[in-house]
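Undergrad: need coordinates for the below:
(chains A, B, C and D)
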Number of protein chains: 2
Amino acid sequence: MLSKKTKYALHALTYLGKHRENKTVLIQDIAEEHGISHKFLENILLELRKAGYLGSKKGKGGGYYLIKEPKDIPLSRVIRLLDGPIALLPCVSLNYYEPCSECKNEAQCGINKVMAQVRDETLKILENKSLQDILDGE
Amino acid sequence: MLSKKTKYALHALTYLGKHRENKTVLIQDIAEEHGISHKFLENILLELRKAGYLGSKKGKGGGYYLIKEPKDIPLSRVIRLLDGPIALLPCVSLNYYEPCSECKNEAQCGINKVMAQVRDETLKILENKSLQDILDGE
DNA sequence: AATAAACCCTATAAAATAAATAGGGTTTAT
DNA sequence: ATAAACCCTATTTATTTTATAGGGTTTATT
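TA: Down below sits the predicted model:
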């Protein structure tokens, strides 16, 4: 399951995607819309900005706005950013690899091989769904 | 990511699958092979037995054994049993449904719709991979 | 120039979950 | 009779997630 962090990030991106005509959107507006803690959401938006999905404007009248096209924000990226690995095991993660302590020989581990296949197929799904698909469903 | 519980379960099933000629296998043997706590593994094997994948024999000379064909033990079942939902959000889980608190209207939530698609496609993958596939890779 | 409203940043606390341990009880081959 | 094995529930510990705290910095407006 996705963490609340990732879920909130998706809600925030969706909200920003739906309000692109506005120059900026306030954290407060998104937080109120979904009943999320202002401060918690603030941290999430900060991460999204650092990752290059959002821009922000400081000072009075400031706020956040999308700087990428919704079709260029795949779910895989958002999930990796907020939740970490998409792979089901650390030993098959492309971006967060770690060996499994209980595994004696990764090279001949059947679980490793199958999970690498699962990872590849799962990635195909998550790379092909973007914020645009979410917006299309609203 | 899968919990250690699920990972250990997969290792145990794999071990049992590789030793089907023996009548029974000791918890201890599996635990030692993978450096897992005996007691922790015991709980996991118990769950697998209750779920109908394993049989056991009490008393001296007892132990555990597979009672299903490896091809009839899909990853999806093992994961659901030990880890819970496969869906990325509670609001699209087939077996563990719960509404999302931050979602005002599930029926017109784009995240919900996309995640339901992701769930369907992910399930296809995990239902089509079984213990047999793991054994084939060893 | 002062002010208020907004984002920016780090650290800490609280809550929930996962992982492991404890301590016996029951069954059965020898 | 006994030892070796599974069976069961509860508790503790560790880790991760979630949330909060407390200010700092920037900038439009007055």
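Undergrad: show me where chain A has its helices.
TA: Assigned by DSSP state H, chain A shows helices spanning A:4-18, A:27-34, A:38-50, A:75-83, A:110-128, A:131-136.
Undergrad: what residues does chain A have near DNA strand D?
TA: Chain A comes close to DNA strand D at residues A:3-5, A:36-37, A:39-40, A:43, A:57-62, A:83-84, as judged by C-beta under 7 Å from any atom of the strand. Just so you know, the C-beta spots here come from the backbone N, C-alpha and C atoms, and that holds for glycine as well.
Undergrad: so which of those is the most crowded?
TA: residue A:36 (21 neighbours; other C-beta atoms under 10 Å in any protein chain shown).
Undergrad: spatially nearest residue to that residue (excluding sequence neighbours)?
TA: Once flanking residues are discounted, residue A:36 sits nearest to residue A:8: 5.4 Å by C-beta to C-beta, 6 or more residues apart in numbering or on different chains.
Undergrad: and that neighbour, how far is that from residue B:129?
TA: 32 Å (C-beta to C-beta, to the nearest Å).
Undergrad: out of these two, which sits in the busier spot?
TA: The neighbour comparison of residue A:8 against residue B:129 (other C-beta under 10 Å) goes to residue A:8, with 23 against 17.
Undergrad: make sure residue A:41 is actually in contact with residue A:33.
TA: No - counting by C-beta atoms under 8 Å, residue A:33 is not a contact partner of residue A:41; they are 10.3 Å apart.
Undergrad: which one of these two has more residues nearby?
TA: The residue with more neighbours, out of residue A:41 and residue A:33, is residue A:41; 20 against 14, by other C-beta under 10 Å.
Undergrad: for the more buried one, what are its contacts?
TA: Counting by C-beta atoms under 8 Å, 6 or more residues apart in numbering or on different chains, residue A:41 touches A:8, A:12, A:27, A:30, A:31.
Undergrad: again with residue A:52
TA: Each residue near residue A:52 by C-beta under 8 Å, 6+ apart is listed here: A:67, A:68.
Undergrad: do you know the pLDDT at it?
TA: For residue A:52, the pLDDT comes out at 91.
Undergrad: quick one: it and DNA strand D, what's the gap?
TA: 19 Å (C-beta to the nearest atom of the strand, to the nearest Å).
Undergrad: now do the phi/psi pair for that residue.
TA: Dihedral angles of residue A:52 (phi, psi; degrees, to the nearest 10) stand at phi 90, psi 10.
Undergrad: what sits against residue A:86?
TA: By C-beta under 8 Å, 6+ apart, the neighbours of residue A:86 are A:76, A:79, A:80, A:93, A:119, A:122, A:123, A:126.
Undergrad: show me which of these is closest to DNA strand D.
TA: In terms of C-beta to the nearest atom of the strand, no member of the contacts of residue A:86 lies closer to DNA strand D than residue A:79, at 11.7 Å.
Undergrad: quick one: contacts for the residue nearest to residue A:128 when sequence neighbours are not counted?
TA: With sequence-adjacent residues excluded and distances taken as C-beta to C-beta, 6+ apart, residue A:128 is closest to residue A:74, at 7.3 Å. With contacts taken as C-beta under 8 Å, 6+ apart, residue A:74 has the following neighbours: A:126, A:127, A:128, A:129, A:130.
Undergrad: get me the contact residues on chain A for DNA strand C.
TA: Contacts of chain A with DNA strand C, taken as C-beta under 7 Å from any atom of the strand, map to A:24-28, A:39, A:42-43, A:45-46, A:49-50, A:56-64.
Undergrad: quick one: the most centrally placed residue in chain A from residue B:23, how far?
TA: Central residue check for chain A by C-alpha atoms, centre = their mean: the C-alpha nearest the mean position is that of residue A:78, 1.6 Å away. Distance check for residue A:78 against residue B:23: by C-beta to C-beta, it reads 50 Å.
Undergrad: what does residue A:135 give?
TA: Distance from residue A:135 to residue B:23, by C-beta to C-beta: 59 Å.
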